[in-house]
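In: Got a predicted model here, sequence first, then my questions.
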Amino acid sequence: MKKFNALIVILIILIIGILAFYANFFAGIIYVNFIVFLEFFSFLLVRNLRKNFQWLIVPNDEYPELDKNGLDKFMKQGHDKELGWARKPNTEKEEIGKEGKTKYHIDKKGIRKNPEHEKLAKKISCYGDSFVFSRQVNDNETWEWHLSKLTNSNVLNFGVGNYGFDQSLLRLKREYEKNKTKIVIMGVVPSTIVRILCVWKHYSEFGNTFAFKPRFILNNGKLKFIENIVDTKEKFLNYKEFLPEIKKYDYFYKTYFKKEILQFPYSASILADPRRNIPLIFLVSWYKWVKEDNPNQPYPTPMNIIMKLNLKLRRRIFKKDEEAIKLFEKLIEEFIKYSNQKKFTPVFLFMPQKDDILFVKKKPYYDNFINKVKKKLPTIDLTQPLIEAKDLDVLYSDDNKYGGHYSKYGNKFIAEIIFEKLKEEKII
C-alpha cells in the first residue's frame, strides 16, 4: 500500500511539473529546482535524524552493521543460545521510572530476588515478559512480592523483558523440573501476538539487532518448532548468511519492515505515509535541534508515535489475522498439555498496557480471543479491573499514554486481583 502511495505521489509531482512547463517554461524550471532541492533536503534530513532515532529506517538498515563492543556486552550479559536472551544469574541493574531510580537483582538460578520471602515454601512460579518481571520497580515492589505476602509463600519470578508467549513457554520447559510448583502463571501483554511471529526483532522493533529468537509456526494445524537461527557469536558476526531463512520465518519482514523504509525518492517516500513520517520527523528534529527531551523519561517523546503504531499493529493482528490467532491458541494448548504432564495448575494472565486500556474503553479488540482462552484454562484478564480503576495513571510507571510498566502501586493492585481470582477459582 505504501509503495503504491509513493508511486501516486511521484505521479502527482510529475503531472504538476508538466502543467508548470505547459503554463510557463520559467515556472517549470523553478518547479524542477524546487523538487531537486526538496529531494536533497529530505535525503539529508532523514540520514541525519536516523542517527538519533532508530525507527527512521533507510535501505542500509536491511543489512545493519552490528556494533562489536555492543555484541561483546550482549553475549556476556544477556545472550541465551536457546531463547535468544535471558537475564544472567548473579546480575543487577538500575532503571528509571517516574518516581526515580529502581534496582533489580537476579539470583544464582536466574530468578528475580524476592526479599523476605525466599525461605518460604514455593507454591507459584511465574513466566512471561517484562510485565511479569515487573520492570521499573524494586525487588520488594513487584506483584510477585506482594503475591508472596498474600499467600505466605515464595512466588518465583522467571519473567524476561520482551519475551513472547513462545519464549516463555520454552523457558518454563527448561526450568520447571528444577523449580517445581503446584501453580504456574504465564503472563503476557497483548503485544505478545506480535512477538510470537518474529525471529529477528529488528523487523518489528527497528534497531533491536541483537534480538534473534526461536519461534513456532503452524504446519498442517500443528506446532512446528523453528530453533533460534543466530545462536552463536560467530553467527552474529556472519548473520547476513542466514538472512534468507530469517526472512522466510519472520512475519514482519515483508508486511512491516520493507514498507517503512525511507528511500529514494525520499520526499515521495515520506509523503507515502504522511501521518507517520511527518510528525515523527518533526518531533525528532524538534528534540534534536530546538528543545532537549526530558532526561528522566525512559522513552524519548517521538516514541509516542511509535507506540500508537505498535498498538495499531497488534489490533490489526488480533482482529484480522486468523493464522496468528490460531498459533497463539496452539501455544496455549501446549502450555495446558505440559501442565497435564507435570501435574501443575496452569493459569493464563493477560496484562494490558496503559494504551491498550485507553483504547479498549471505547472499542475492545482482543475480547473474542480472551473469551476463547477462558474456556481452555483458568484465565485472569486484568482489563476490566484496570478500566474500573479510579486513577489509571497512578498504576503505571511513566507519565505518557503508553504508561510504561506497572508502578509500585500498580503491582500491589494487580497482586490483590490475582490473589482474589486464584481464590475464586479455588486454585489456592
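Out: Everything's here; your move.
In: and the gap between Asn157 and Arg135?
Out: 11 Å (CB to CB, to the nearest Å). From N, CA and C alone the C-beta is placed, and that goes for glycine too.
In: same thing with Thr345?
Out: 26 Å.
In: Which of those two has more residues huddled nearby?
Out: Ranked by neighbour count (other CB atoms under 10 Å), Thr345 and Arg135 place Arg135 first, with 21 against 17.
In: Identify, by residue count, the longest helix of this structure.
Out: helix 25-50 (DSSP state H).
In: Please identify the buried residues of that one?
Out: 28, 31, 35, 38-39, 42-43, 45-46, 49-50 (16 or more other CB atoms under 10 Å).
In: Surely His202 is within a helix?
Out: Yes. Using DSSP: H, G, I helix; E, B strand; the rest coil, the assignment for His202 is a helix.
In: Helix or strand for the residue lying closest to it once chain neighbours are set aside, just tell me which one.
Out: With sequence-adjacent residues excluded and distances taken as CB to CB, 6 or more residues apart in numbering, His202 is closest to Thr209, at 5.0 Å. For Thr209, there is no helix or strand it lies in under DSSP states H and E.
In: My read is that Thr209 contacts Pro64, right?
Out: Yes. If you go by CB atoms under 8 Å, Thr209 and Pro64 touch, sitting 5.2 Å apart.
In: overlap in contacts of these two?
Out: Shared contacts of Thr209 and Pro64 (CB atoms under 8 Å, 6 or more residues apart in numbering): His202.
In: Those two - which one has more neighbours?
Out: Higher neighbour count among Thr209 and Pro64: Thr209, with 21 against 15, using other CB under 10 Å.
In: Now do the contacts for Leu422.
Out: Shown in contact with Leu422 (CB under 8 Å, 6+ apart): 183, 347, 380, 428.
In: From the residues you listed, keep the buried residues only.
Out: For the contacts of Leu422, a burial check counting by 16+ other CB under 10 Å picks out 183, 347, 380, 428.
In: ok, those residues vs Ile270, which is closest?
Out: Closest approach between the buried ones among the contacts of Leu422 and Ile270, by CB to CB: Ile380, at 43.7 Å.
In: Give me the phi and psi for that closest one.
Out: Note on Ile380: its backbone torsions stand at phi -120, psi 110 [degrees, to the nearest 10].
In: still on that earlier bit, with respect to pLDDT, which of the buried ones among the contacts of Leu422 ranks lowest?
Out: Among the buried ones among the contacts of Leu422, Ile428 carries the lowest pLDDT, at 94.
In: hang on, that one packs against Asn152?
Out: No. Using CB under 8 Å, Ile428 makes no contact with Asn152, being 10.4 Å away.
In: just to revisit the earlier point, return the subset of the buried ones among the contacts of Leu422 lying in strands.
Out: With strands taken from DSSP state E, the overlap with the buried ones among the contacts of Leu422 comprises 183, 347, 380.
In: just checking, Lys182 touches Lys123?
Out: Yes. Judged on CB under 8 Å, Lys182 makes contact with Lys123 at a distance of 5.6 Å.
In: how does this structure divide up, domain by domain?
Out: 2-64+261-290, 68-255+295-424 (automatic domain parsing).
In: And the pLDDT for Pro298?
Out: Here the pLDDT value assigned to Pro298 is 65.
In: Which parts of the stretch 201-350 of the chain are helices?
Out: 233-237, 243-249, 252, 258-260, 266-271, 274-285, 303-320, 322-342 (DSSP state H, counting those that start in this stretch).
In: now the ones you listed in CSV, with mean pLDDT?
Out: Shown next, in CSV, are the helices of the stretch 201-350 of the chain (pLDDT from 0 to 100):
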stretch, mean pLDDT
helix 233-237, 97
helix 243-249, 98
helix 252, 98
helix 258-260, 95
helix 266-271, 95
helix 274-285, 95
helix 303-320, 95
helix 322-342, 98
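In: right, so of these, which gets closest to Leu56?
Out: So among the helices of the stretch 201-350 of the chain, helix 274-285 is nearest, using CB to CB, at 6.7 Å.
In: got the residue ranges for the strands in the chain?
Out: Secondary structure of the chain (DSSP E): strands at 79-80, 84-85, 92-97, 100-105, 124-128, 156-157, 183-188, 215-219, 222-226, 345-350, 379-381.
In: Now render those strands as a markdown table, adding distance to Leu327.
Out: Formatted as a markdown table, the strands of the chain follow (distance: least, CB to CB, whole Å):
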| stretch | distance to Leu327 |
| --- | --- |
| strand 79-80 | 22 |
| strand 84-85 | 18 |
| strand 92-97 | 32 |
| strand 100-105 | 31 |
| strand 124-128 | 17 |
| strand 156-157 | 26 |
| strand 183-188 | 14 |
| strand 215-219 | 5 |
| strand 222-226 | 8 |
| strand 345-350 | 15 |
| strand 379-381 | 18 |
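In: Could you say which one of those strands comes nearest to His117?
Out: That would be, of these and by CB to CB, strand 156-157, which comes in at 10.0 Å.
In: Contacts for that closest one next, please.
Out: 111-112, 114, 122, 124-126, 132-134, 142, 144, 179, 181.
In: Select from those residues every entry located in helices.
Out: Among the contacts of strand 156-157, DSSP H puts 132-133, 144 in helices.
In: So which of the residues you listed wins on neighbours?
Out: When neighbours are counted by other CB under 10 Å, Glu144 leads these with 29 neighbours.
In: That one against Val155, yeah?
Out: Yes. With contact defined as CB under 8 Å, Glu144 reaches Val155; the gap is 4.3 Å.
In: so what sits against both of those two?
Out: In terms of CB under 8 Å, 6+ apart, Glu144 and Val155 are both contacted by the residues 114, 126.
In: Burial check on the closest residue in space to Phe344 that isn't next to it in sequence, number of neighbours?
Out: Closest residue to Phe344 apart from its sequence neighbours, by CB to CB, 6+ apart: Val184 at 5.2 Å. Under the neighbour criterion other CB under 10 Å, Val184 is assigned a count of 23.
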